[in-house]
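Undergrad: Fold the following for me, if possible:
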Amino acid sequence: MTQFFLLIGAKGGVGVSTLSIELAKRCQQYPGTVLVDGDLSGKRSIAVALECYNSINENRNKGNQIATVVTDQGLEVVELTPNIHGGFTLKMADSETFVQELTQHSQHVFVDMPQPFAAAVRAFISRSTRIILVIEPSLFGVAGAQSMIEELIRFGIPVTRILLVLNQRDVNSEVSRRDIESVLGTSMTADIPHRTHRNYTKSLDSLLQMLLNAKAEDELNNLQPSTLTPIGDRRDPKKGPASNASTSADHQRRFAGASEEAEKTARRAVLKSEIHEQLIERLETLGTSLVTSDIQRREALAIQVEEIVAELVAGRSLESAEETARLRIEILNEALGFGPLEELMQDETITEIMVNGPNQIFVERSGRLILTPQKFAEEQQLRLVIERMLAPIGRRIDERVPMVDGRLADGSRINAIIPPLALDGPSLTIRRFGQKRLQISDLVRLGALTDPIVDFLQAMVHARLNIMISGGTGSGKTTFLNILSNFIPETERIVTIEDAAELMLNQEHVVRLESRPANLEGQGEIRIRDLVKNALRMRPERIIVGECRGGEAFDMLQAMNTGHDGSIATAHSNSPRDTISRIETMVMMAGFELPIRAIREQICSALDMIIQIGRLRDGSRKVLSITEVVGMEGDVVTLQEIIGYRMKGVDESGRVLGNFGFTGVQPNCMKRFEEYGIHFDMKTFAAMEQELSLC
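TA: Next up, the predicted model:
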């Protein structure tokens, strides 16, 4: 009878691959030992570690679905071949056939399984003799192990089949073994010390013998205590095998209340996976791909997929018509839409979606980060969704171009980065902009500013002051710029310049420009500063730059200094003073060796106001400061704050308390207001001055 030992970890870097290799190499003395690299992302850690990378490549070039190589002393290494370009990995049918072949000529199969819940490798899970969950002695390791155990049980894995192995523990570990056992409510099956420890080899040998003696489902509980207890286990041998039995009972009691719902969820997941596999097989037979950038082909593909899914779902017995309709929609979302992200993309209260690998999706709602229950079935599904997002905008992502920025059809900004740059799987960040545009009255209602500040901002824009909006990432700079642009008169010609077009101005006479990255040959790049130079030839009355982050700052200052007053830009910085330093640095990035005093004189001549935006600890966003650029004193740029927000603490619900205040300084821009015939009464700030003095 073939024994399948699956090694998994709750997170990367816990030593699963190393432990798989060590156990398989120790088992070489027994005939029919196979080591399977189950990594579907193609990282090939085992092939590299055993120096059989070239041999596996030779097998792959021969067209084998599964590449194999036989190493010295009879250890056979197998690599599951990924199909990155097709968007899917090994098919379930192929892996099931391969598992059947292994049972015919192998005795002991060790599987390094980074993605244990991927549909393509579930044949290994169902056939496993034991699942070895490798745990790192840290707080994150324990939390991950707890989630992994729950997930395995949801997939119908008996608790007695799961063995917990504490790896690389030493006296300096963050969490002790006793604490881990207390949190998990069970005992460790084995304790593997650091490889430099004298008991490292002995512990591995003991663990291997324990695994080889596991002939049947419950036989491990009937082994002798001496075999059950590996090196480092502090349990009393006289208590015998009751520990594993109690482990099973503890876990069964712990998850008994959710077992019925878990089984239902597991059955539904398997059903979705099966229908999805059949859909892919149908499409492959028709020579159709799910990823296309052609609009007409996408529309025809959508009709074709809907017909196939309707047929496949109709042939399944489900609890109700509502359940059937829901399943059909979910499969269509995964096949044509954005899978688990589809529902989040429809939620207008979500301003940002952050995907950290297939198993972790965060969203920002009302300024707070929230972990969602949505997950991708496997890494390749996430990869397919990223490719589907990028295809319509003419962008691609692969090993040659592992990171990309883009803009979706709805205006959302997307950033994606994949391995090898992203170590824990593809990462995706989507900055969303609601269909309903915020108005200045909404900011007043939300407490981001006050009515007197609104009047002052309107006067600044009408007087054609050059304004820099600064703030940290996610502080709301682009949103505030959109709102501030509403004060620009309809009669003026505006040119907007951005990396990824996000600005949506209400004026009729607007020209929108967007930069372009280089192609695969490194050619065709159009930078922001190129667009700024070109904008000067377009007779703009105002130039708006979505974000200055490089040499374009020099060209922007030149534009402001050559008659293009009323221009607005944004920059990343933590304070108005930092903004000046950032602009100096960005000007230097333009490649001109200018004296620092000359740069500062350019800044003082060009820039009139700095508006600092901030995201506070409670998630709210506010105008923290309105600061005027006054001039130079020696070699220092002089700034004077006009309006400021002072925090006083937090209330019982965690909401930040504070006041807007007027510093009492008469701004120099009042003369500019008079020149443009703008009446602004500074007395409107009188009440704020008193509040500021109390802060």
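Undergrad: Met617 contacts Val656, correct?
TA: Heads up, residue 617 is Arg, not Met. Yes - applying CB atoms under 8 Å as the test, Arg617 and Val656 come out as touching, 6.2 Å apart. Placement of C-beta: from N, CA and C, glycine included.
Undergrad: what is in contact with these two at once?
TA: Common contacts of Arg617 and Val656, defined by CB atoms under 8 Å, 6 or more residues apart in numbering, comprise Val650.
Undergrad: Number of residues surrounding Thr97?
TA: 14 (other CB atoms under 10 Å).
Undergrad: Tell me how far it lies from Ser653.
TA: 58 Å (CB to CB, to the nearest Å).
Undergrad: ok, now Arg282?
TA: 53 Å.
Undergrad: Output the lowest mean pLDDT helix or strand found in this protein.
TA: Every helix and strand of the chain was ranked by mean pLDDT, DSSP states H and E. The lowest is helix 225-228, at a mean of 28.
Undergrad: Tell me how far Leu531 lies from Asp499.
TA: Distance from Leu531 to Asp499, by CB to CB: 10 Å.
Undergrad: ok, back up a step: comparing Arg617 and Val656, which shows the higher neighbour count?
TA: Taking other CB under 10 Å, Arg617 and Val656 do not tie; Val656 has more neighbours (17 against 11).
Undergrad: give me every residue that touches the more buried one.
TA: Leu616, Arg617, Asp618, Ser620, Met647, Gly649, Val650.
Undergrad: Phi and psi next, for it.
TA: phi -70, psi 130 (degrees, to the nearest 10).
Undergrad: Okay, and the beta partners of it?
TA: Val650 (DSSP bridges).
Undergrad: My read is that Ser45 contacts Asp39, right?
TA: Yes - between Ser45 and Asp39 there is a contact under CB under 8 Å: 6.8 Å.
Undergrad: Among these two, which residue is more densely surrounded?
TA: Counted by other CB under 10 Å, Ser45 and Asp39 do not tie: Asp39 has more neighbours, with 22 against 16.
Undergrad: from what I can see the more buried one touches Pro116, true?
TA: No - using CB under 8 Å, Asp39 makes no contact with Pro116, being 11.4 Å away.
Undergrad: re earlier: need the residues touching each of Ser45 and Asp39.
TA: Asp112.
Undergrad: so where does Leu531 fall, helix or strand?
TA: Element membership for Leu531 (DSSP states H and E) is helix 528-535.
Undergrad: Can you spell out which helices and strands pack onto that helix?
TA: strand 494-498, strand 510-514, strand 542-545, helix 552-560 (3 or more CB pairs under 8 Å, 6 or more residues apart in numbering; DSSP states H and E).
Undergrad: and these as a markdown table, adding distance to Leu481, mean neighbour count and mean pLDDT?
TA: Listed next are the helices and strands packed on helix 528-535 as a markdown table, based on distance: least, CB to CB, whole Å; neighbours: other CB atoms under 10 Å; pLDDT from 0 to 100:
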| stretch | distance to Leu481 | mean neighbour count | mean pLDDT |
| --- | --- | --- | --- |
| strand 494-498 | 9 | 25 | 90 |
| strand 510-514 | 13 | 16 | 90 |
| strand 542-545 | 7 | 26 | 90 |
| helix 552-560 | 14 | 24 | 86 |
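Undergrad: Mind putting these into a markdown table with distance to Gly394?
TA: Listed next are the helices and strands packed on helix 528-535 as a markdown table, based on distance: least, CB to CB, whole Å:
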| stretch | distance to Gly394 |
| --- | --- |
| strand 494-498 | 17 |
| strand 510-514 | 12 |
| strand 542-545 | 24 |
| helix 552-560 | 23 |
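Undergrad: Which one, of the ones you listed, ends up nearest to Gln104?
TA: strand 510-514 (58.7 Å; CB to CB).
Undergrad: Tell me how many other residues crowd Glu652.
TA: By other CB under 10 Å, neighbour count at Glu652 equals 5.
Undergrad: Repeat that for Lys671.
TA: 9.
Undergrad: That one and Pro420: what is the separation?
TA: Taking CB to CB, one finds Lys671 at 58 Å from Pro420.
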